[in-house]
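Participant: Whatever this is, show me its structure:
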Amino acid sequence: MSKIKPIHAKGRGWITVHERKWGWFFIFPAFVFMSLFMLYPTLNAFYLSFFKYEIVSKPIFNGIGNYQRFFKDQDFWYSFKITLIYVFSTAAIITILSLISALTMNLQLKGQSIYRTIFFLPSVMSLVAVAIIFKGIFHQRGLVNYYLSLFVTSDFKPIQWISQMPYALIAIIIVRVWRAFGFFMVIFLAGLQNIPLDYYDASKIDGCTALKQFKYITLPLLTPTTVLVSLLAVVNAFQAFTEPYIMTGGGPADRTRILPIMLYEIGFRYFKMGEAATLSIIIFVVIGIFSIIQFNFNRKYKVEY
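Facilitator: Coordinates of the predicted model:
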């Protein structure tokens, strides 16, 4: 029987050649998948961003002309501003609402599992179905205006949620929050359940109130989770497309035309694939910046329990 030669992996102990081969075997499918559907499209988009390319014509090298075009385009900067408003509004509301929901679910209420399921269910629903349903709810004659009319005077004028600003932006923010906060509630709940109960027991002996416990125990020890949730909410909101596009189509008058909608229109309405690739790289860079911030904050606020 042949000897198995051990190989020292720094920081991981001793592994064998046999184990290393099996390790490569198991990661190979994931490596192929990521290469074909993530790495190659990203590199190809970066390559096309330097070309003036339409589907019906051959790519023409354009250097950084596409990037210059966007940085000088007022429509791009307006869409970028709208995107930032949409992203940070949804991220702030989702973080606060999911934290409050997680704190409530952590109280060991009766029927807790049912409430968790109800809150989490929207995050696994079809994006298209959710967008179509809420488009009807926010219609001029939809449920929102109906219930608003019950609490105001008889001369109530129905709000045009979908076709009037700032209501259109508010509507798509509400839909985003409704769909996403349950998922982040589960993350907060996991963070809360990782906090040792000994801290709370000791604080009770010292006479701390529930508010002081939250301020001096829960909130500091939940900082890594809070940072993770808020930045994930920001990154996910930057990629939002289905709900805003189906509900408003970027209207009225491009007032809800966030960057993913702009990307879709340039690429699949006007078939300017070079410019669409450029915009995708810009979005990729912005998301990458927030991802780097996330990793740095996680290191800075890492708490050992």
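
Participant: Please make it C-alpha for all contacts and neighbour counts, starting now.
Facilitator: Fine.

Participant: outside of stretch 230-239, which residues touch it?
Facilitator: Outside stretch 230-239, the residues that touch it by CA atoms under 8 Å, 6 or more residues apart in numbering are 83, 86-88, 90-92, 94-95, 259-260, 283, 287, 290-291, 294.

Participant: Quick one: buried ones out of these?
Facilitator: 83, 86-88, 90-92, 94-95, 259-260, 283, 287, 291, 294 (16 or more other CA atoms under 10 Å).

Participant: taking these one by one, which sit in helices?
Facilitator: Members of the buried ones among the contacts of stretch 230-239 lying in helices (criterion: DSSP state H): 83, 86-88, 90-92, 94-95, 259-260, 283, 287, 291, 294.

Participant: Contacts only, for residue 172.
Facilitator: 243-244, 247 are the contacts of residue 172 under CA under 8 Å, 6+ apart.

Participant: Buried residues, the helix or strand containing it. List them.
Facilitator: Taking DSSP states H and E as the criterion, residue 172 maps to helix 167-193. Residues of helix 167-193 classed as buried by neighbour count (16+ other CA under 10 Å): 168-189, 191-192.

Participant: Also stretch 63-71?
Facilitator: Buried residues in stretch 63-71, defined by neighbour count with 16+ other CA under 10 Å: 65-67, 70.

Participant: Over to stretch 241-259?
Facilitator: Using 16+ other CA under 10 Å as the test for burial, stretch 241-259 gives 241-252, 254-259.

Participant: same thing with stretch 272-283?
Facilitator: 272-283.

Participant: where does the protein dip in pLDDT?
Facilitator: The model of the chain has pLDDT under 70 over residues 1-15, 153-154, 298, 300-305.

Participant: Tell me which of the buried residues of stretch 241-259 fall in helices.
Facilitator: Per DSSP H, the buried residues of stretch 241-259 map to helices at 242-247, 259.

Participant: Strands of this protein, start to end?
Facilitator: Here the chain has its strands, by DSSP state E, at 6-9, 13-16, 51-52, 60-61.

Participant: List the strands paired with the third one, with their directions.
Facilitator: Okay, so that is strand 51-52. The strands beside strand 51-52 in its sheet (DSSP bridges) come out as strand 60-61 (antiparallel).

Participant: Centroid-nearest residue for this protein?
Facilitator: Centroid-nearest residue in the chain, with CA atoms, centre = their mean: residue 236, separated by 1.5 Å.

Participant: So that one versus residue 79, what's the distance?
Facilitator: As judged by CA to CA, to the nearest Å, residue 236 and residue 79 stand 17 Å apart.

Participant: Please apply the same query to residue 230.
Facilitator: When distance is defined by CA to CA, residue 230 is 22 Å away from residue 79.

Participant: ok, residue 277 touching residue 43?
Facilitator: No. The pair residue 277 and residue 43 fails to qualify as a contact (CA atoms under 8 Å) at a distance of 10.2 Å.

Participant: Who are the contact partners of residue 272?
Facilitator: Taking CA under 8 Å, 6+ apart, one finds 52-55, 266 in contact with residue 272.

Participant: that older thread, kindly indicate which of the ones in helices among the buried ones among the contacts of stretch 230-239 lies nearest residue 221.
Facilitator: The nearest member of those to residue 221, counting by CA to CA, is residue 95 at 15.8 Å.

Participant: Thanks a lot, catch you later.
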